[in-house]
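Participant: I would like the atomic coordinates for the input below:
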Amino acid sequence: MYVRKLSPQEFEEAFSIRCLDVYPWPEVVSPPFSTTACIVEPGQATDPHNHFEAESFFITEGKGKITVGKEVEEVEAGDVIYFPPGSRHTLANESEEPLHFFTFYWKDEHVLNRALVQQAEAETATRPKRVLVTATPPTPNGDLHIGHMSGPYLRGDIYNRYLKLRGVDSYFVTGLDANQSYVVAKARELGQGVEETVARFGEAMETTLRAASIDTDVFVHPRKAPWYEARVQAFFKSLYDAGKFVVRDEPTLFCESCNCFLFEVHARGKCPHCGVIALGNSCEECGMANVCQDLVDPACNTCGNTPVNRPCRRIFFPLQNYADQLRDYFEAAVLPPRLKALCYRALEDLPDIPVTNVTDWGIPVPVPGFEGQTIYSWFELLPGYMACAERLQRDDEGPGGCFWDEEDAQVVQFYGFDNGYYHAVLFTALLLAHDPPMHPTDAFVMNEFYRLDGVKFSTSRNHVIWGRDLFAKYPVDAVRFFLSYSAPEVEQTNFTESGFRRTVQHEIVDTWMAWLGELKQRLDGHHDGKAPEPGLWTRDHRHFHQAVGRLVAEIADAYEAASFSSQKAAHMICELARVSLRFGRSEALRLEGPGGEDEQRTAVALELAAARMLAQTCSPMMPEFSDALWRGLGCAAAPGDWSEVPSFLPTGMAIGDMGLEFLEKIRLSVAAAAEETEARPIGPPPS
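Facilitator: Sure, this is the predicted structure:
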């Protein structure tokens, strides 16, 4: 018989209460569970926490309040509480007497896996059944450079992949903004037909997106899709017939030299809101819209001459009619700070937006009397998105509908700051004007401009790095990582190729690759290349497990629409690798002392759990590396769902290279590019 006195002096602080480990009982017995005696003093509470073990509290003295997630219940002496693995819980003592309890906790992989499934199901139940993710269609007046790629296309793809991990039916759509006046200007510059220009650059853009592993469910070519034009015209006609537009003759900028009315790229002048030189209809500097007629010192952007005012009968959409509804929406919506400021500034002066222009390029206005006019390209985009959404339905399968008119669906739109006014102000007003009104877009994810070597990207000045060139030079996932890591989210950020190489070397090679390589060595050297069974559980082990869980939660938050930040996600993934590298190196020292084998087994098992979390959290951003790591951990396929709780790999699972071969390709590409740069001659070439 063994008798142990639990002396109050032996209790030590843990989880903000007093605790004393009872089992395992050193040199006596190590049962398949652990037991700790705990005391919660009046007014105290345990730290909110969760862990992979199943756990049960036995209240022996006093009373308190237990909180699990959003559930709260009073408990007292004689009560028993069970917590499935991963349950976040806390016990508070709001009485005037101490609360005593014993906690029993144990590892059960079957219970753990079942709890994780139940947790995922509960999270899925609170999410919409379907989500439409849109990225502003690029204008086919050039290929996509990395300034474009760092914005809505990569970020939208990352979000779409994340939703799929969460079990959401998510669809990503974009296409070509082919009816823009900028295409006409580019064709004139190249001396070729406009249709030829659209086809040439449209094909190049699709090729670049594929090279970047950006997957879309619909990529629309408006000039080739009769269903697209029909949907845009039907939406326009419905608003016209409902009396939501006004028709009037109004003085309009006209260039007598070029014999054309001026709008968009054809007009330039000082922005009436901020005074910076801007093109017609929008200002990249302040984001506000103009109606061309209000430009200060206007000029024809083709010949440079000063235009005259010529009356023109056009159709307008009066934004002012929706001022109150827009204000209510802006107050309730979760908007990026700069976009919210833009929206409130827009409310101060809501113009009548011209929704038709005199031109022969674009979608014809479906109203008699307006022959020779086309639908304004910014108006076109909203029903264009709807056309893409409706196109998802094939053979009575897929989502159907246009998402804005479905209660169980959401729309999340990705775009740059210069598109903010039209997406948040114009599109919202158009949705409200529809009969019946459609619910506004659920979330906007906006980015700022990306700069190259400190200067704004410029196709006309050839100050660009084309996406296709960078993806041909380096592994795609390395580029996706850095564009996420340095994304221009709340401020303009800068790309340099040397900065790209330094970051990839420091983060991916020196940290990720170093950690996984050292972990692989420990596995091969001490565990026959297989996942070990966890041994003793120390305070450091618990802290590491909790740290990994917190980082995964932060990364998940960075992937959510309301707080989307691919930059934060990339940085937190790097922190996950850094924390794991430090932990692995520290725990490896246990083997140098006596009796450290059991604790080191637990450490390696925890590192493998962290590596699985790395594969999961990287999946939206770096799908190819994630798949390589996932398969290298012995799993049959890439992660199919999202788990918040780091869990052990099955004991005895054979571990492969853990993505190290893939990371070696990244290392070699960066090293080769650096050597090539250093080998370039300095100064002018010899004569």
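
Participant: after the lowest-mean-pLDDT helix or strand in the chain, next one along is what?
Facilitator: Of all the helices and strands that make up the chain, helix 109-125 has the lowest average by mean pLDDT, DSSP states H and E, namely a mean of 59. For helix 109-125, the following helix or strand on the C-terminal side (DSSP states H and E) is strand 130-135.

Participant: against which helices or strands is that next one packed?
Facilitator: With contacts taken as 3 or more C-beta pairs under 8 Å, 6 or more residues apart in numbering; DSSP states H and E, strand 130-135 sits against helix 154-165, strand 169-175, helix 377-391, strand 409-416. The way it works is simple: take the backbone N, C-alpha and C, and place the C-beta from them, glycine included.

Participant: can you redo these as JSON lines with mean neighbour count and mean pLDDT?
Facilitator: Rendered in JSON lines, the data for the helices and strands packed on strand 130-135 read as follows (neighbours: other C-beta atoms under 10 Å; pLDDT from 0 to 100):
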{"stretch": "helix 154-165", "mean neighbour count": "25", "mean pLDDT": "96"}
{"stretch": "strand 169-175", "mean neighbour count": "23", "mean pLDDT": "96"}
{"stretch": "helix 377-391", "mean neighbour count": "25", "mean pLDDT": "95"}
{"stretch": "strand 409-416", "mean neighbour count": "24", "mean pLDDT": "95"}
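
Participant: and these as a markdown table, adding distance to residue 324?
Facilitator: Listed next are the helices and strands packed on strand 130-135 as a markdown table, based on distance: least, C-beta to C-beta, whole Å:
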| stretch | distance to residue 324 |
| --- | --- |
| helix 154-165 | 31 |
| strand 169-175 | 31 |
| helix 377-391 | 21 |
| strand 409-416 | 22 |
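
Participant: out of those, nearest to residue 596?
Facilitator: Between residue 596 and those, the shortest gap by C-beta to C-beta is with helix 154-165, which sits at 36.8 Å.

Participant: with just CA atoms, put the closest one into PDB.
Facilitator: Once side chains and other backbone atoms are set aside, the C-alpha atoms of helix 154-165 remain, and they are given as PDB (Å, rounded to 0.1, in the frame of the first residue of the first chain):
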ATOM      1  CA  LEU A 154      -3.800  35.500 -56.000                       C
ATOM      2  CA  ARG A 155      -5.700  36.700 -52.900                       C
ATOM      3  CA  GLY A 156      -9.100  35.600 -54.300                       C
ATOM      4  CA  ASP A 157      -7.600  32.200 -55.200                       C
ATOM      5  CA  ILE A 158      -6.200  31.800 -51.700                       C
ATOM      6  CA  TYR A 159      -9.500  32.600 -50.100                       C
ATOM      7  CA  ASN A 160     -11.400  30.300 -52.400                       C
ATOM      8  CA  ARG A 161      -9.000  27.400 -51.500                       C
ATOM      9  CA  TYR A 162      -9.400  28.200 -47.800                       C
ATOM     10  CA  LEU A 163     -13.200  28.000 -48.000                       C
ATOM     11  CA  LYS A 164     -13.000  24.600 -49.700                       C
ATOM     12  CA  LEU A 165     -10.800  23.400 -46.800                       C
END
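
Participant: show me what contacts residue 66?
Facilitator: Residue 66 is in contact with 57, 72, 73, 75, 81, 89, 90, 91, 92, counting by C-beta atoms under 8 Å, 6 or more residues apart in numbering.

Participant: now it, what's its secondary structure?
Facilitator: strand (DSSP: H, G, I helix; E, B strand; the rest coil).

Participant: show me what it is bridged to.
Facilitator: Per DSSP bridges, residues listed as beta-bridge partners of residue 66: residue 73, residue 91.
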